[in-house]
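Visitor: My questions are about this predicted structure, shown below with the sequence.
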Amino acid sequence: YKVEPGGKQIKATGFGRQQKFDIQNNAEVCVLLQQRWEDEDGNVYAKRVGTAYERYDKPVTEWQNNYRIAFKYGDITQDADYKP
């Protein structure tokens with residue numbers, strides 16, 4: 001990856017005017033791994049089995065090859081980093 005965070009955050013929902021905030025605009029990655037299945041009635045179910053999240057708030061000007069994001073598996077609600 002390569003990232004240059006910057007600029008100001010803008011909230012543009014399509015309802016009303018755009019709002020500009022005096023906060024740095026950062027890049028984020030959120031990955032959810034799911035196990036999906038379908039029952040005999042055609043209902044589709046999904047269970048989260050893994051989660052990864054990272055925020056990039058500092059510039060990285062050179063390409064980072066073979067970069068890996070740490071995943072957490074199973075029930076992460078008891079993890080110290082967990083934020084509902």
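Guide: That came through, no problem.

Visitor: Trp63 contacts Val3, doesn't it?
Guide: No. The criterion here is CB atoms under 8 Å, and Trp63 misses it with Val3 at 10.3 Å. The way it works is simple: take the backbone N, C-alpha and C, and place the C-beta from them, glycine included.

Visitor: Tell me where this structure has strands.
Guide: Using DSSP state E, the strands of the chain run over residues 8-11, 19-24, 27-38, 44-56, 72-73.

Visitor: tally of neighbours for Gly50?
Guide: Neighbour count of Gly50, defined by other CB atoms under 10 Å: 14.

Visitor: An error on my part: the question was meant for Asp22.
Guide: Asp22 has 6 neighbouring residues, counting by other CB under 10 Å.

Visitor: The closest residue in space to it that isn't next to it in sequence and Gly42, how far apart?
Guide: Distances taken as CB to CB, 6 or more residues apart in numbering place Lys8 nearest to Asp22, at 6.3 Å, with adjacent residues excluded. Distance of Lys8 to Gly42, given as CB to CB, to the nearest Å: 47 Å.

Visitor: Sweet, I'm off.
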